[in-house]
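Visitor: sequence-free structure coming up:
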Ligand code: GLU
């Protein structure tokens, strides 16, 4: 068996919940099974602590305590996503340099108008890509830009998911999403891809609430010329009332 590198990447927003634990357990089992033949396999723990407004050290500690109580040991030190933000910014700038991303200077009023228009017309995405091909010299001096990825406009994206099977979507459903906010902070979509790549993650096994994100994350992966990991999106654990 090839080397398997997995990660469990919880956001420290409260106690570990049953769905998170199931995700951690599956990653742990698959990695430890691979370790029998290939001792270089790794199971990493990454704390996705970029949301500083909701950050709490107790919630981070609750993740360590929960994992330890369950006996789910991880390899090496846990990685703090927040501590890697300079690297995330570096990749956003590399994408700009390659022409795979662009600065967007839309004001919140302009975005609101686009949202309303898209809703009325039933468009799959709302941002009308107005800065995609615009000259930067036209940029208003008083607006701090965000950086958006250039999503493919035509064709299809396919993901061969180990749990969900083969899923194909039309690229027109993908938007030019933000990778770096106007305050210079990276978005989840960028940070996850950069960290998975740098940590050498081979298998992304997580809840299927992230299935849609996989299609977007693949755009960044391909724009950087990185390897796409093997995906497995597991169904959420729901209560009898669907919550
Ligand atoms: N931090 C995300 C969450 O807690 C997981 C991200 C991922 O697995 O890609 O839902």
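Guide: Looks like it arrived, so ask away. Nothing here was measured: the structure is a model prediction, and the numbers come from that model.
Visitor: What strand or helix carries the spatially most central residue of the chain?
Guide: Nearest to the geometric centre of the chain sits residue 189, at 3.5 Å (CA atoms, centre = their mean). Mapping residue 189 onto the secondary structure by DSSP states H and E places it in helix 188-198.
Visitor: That helix - contacts with which helices or strands?
Guide: Here helix 188-198 touches helix 85-97, strand 178-180, helix 211-224, going by 3 or more CB pairs under 8 Å, 6 or more residues apart in numbering; DSSP states H and E. The C-beta positions use only the backbone N, C-alpha and C, and glycine is treated the same way.
Visitor: which of the ones you listed sits most buried?
Guide: Across the helices and strands packed on helix 188-198, averaging neighbours per residue (mean count of other CB atoms under 10 Å) puts strand 178-180 on top, at a mean of 24.
Visitor: Which residues does that one contact?
Guide: With contacts defined as CB atoms under 8 Å, 6 or more residues apart in numbering, strand 178-180 is touched by 88-89, 92, 95, 101, 104, 146-149, 186-187, 189-190, 220.
Visitor: now, the most widely separated pair of those residues?
Guide: 88 and 104 (17.8 Å; CB to CB).
Visitor: Could you check how far residue 217 is from the ligand?
Guide: Counting by CB to the nearest ligand atom, to the nearest Å, the gap from residue 217 to the ligand is 8 Å.
Visitor: For that residue, give me its contacts.
Guide: By CB under 8 Å, 6+ apart, the neighbours of residue 217 are 189, 192, 193.
Visitor: list the contacts for residue 27?
Guide: Counting by CB under 8 Å, 6+ apart, residue 27 makes contact with 6, 7, 8, 43, 203, 205.
Visitor: Where does residue 109 sit: helix, strand or coil?
Guide: Here residue 109 is helix, with the state taken from DSSP: H, G, I helix; E, B strand; the rest coil.
Visitor: Determine which two of the contacts of residue 27 are furthest apart.
Guide: 8 and 203, at 11.6 Å, using CB to CB across the contacts of residue 27.
Visitor: neighbour count winner among these two?
Guide: Using other CB atoms under 10 Å, the more surrounded residue of residue 8 and residue 203 is residue 8, with 25 against 21.
Visitor: Give me the phi and psi for that one.
Guide: phi -110, psi 130 (degrees, to the nearest 10).
Visitor: Now name the helix or strand holding the residue nearest to it when sequence neighbours are not counted.
Guide: Closest residue to residue 8 apart from its sequence neighbours, by CB to CB, 6 or more residues apart in numbering: residue 24 at 4.2 Å. Per DSSP H and E: residue 24 is located in helix 18-37.
Visitor: which parts of that helix are buried?
Guide: Of all the residues in helix 18-37, those buried under the rule 16 or more other CB atoms under 10 Å are 19, 20, 21, 23, 24, 26, 27, 28, 30, 31, 34, 35.
Visitor: how many other residues sit next to residue 4?
Guide: Neighbours around residue 4, by other CB under 10 Å: 22.
Visitor: from now on call the first residue 55
Guide: Sure, I'll start numbering at 55, so the last one becomes residue 58.
Visitor: got a list of what it touches?
Guide: By CB under 8 Å, 6+ apart, the neighbours of residue 58 are 84, 85, 88, 92, 95, 96, 256, 257.
Visitor: Could you confirm whether stretch 94-108 reaches the ligand?
Guide: Yes: Stretch 94-108 lies within reach of the ligand by CB under 6 Å from any ligand atom, at residue 102.
Visitor: Show residues contacting that stretch.
Guide: Residues contacting stretch 94-108 (CB under 8 Å, 6+ apart): 57-67, 81-82, 85-86, 88-89, 109, 114, 117, 121, 128-130, 132-136, 139, 239-240, 242, 245-246, 249, 253-255.
Visitor: Now list the buried members of those residues.
Guide: 58-66, 81-82, 85, 88-89, 114, 117, 121, 128, 133, 135-136, 139, 239-240, 242, 245-246, 249, 253, 255.
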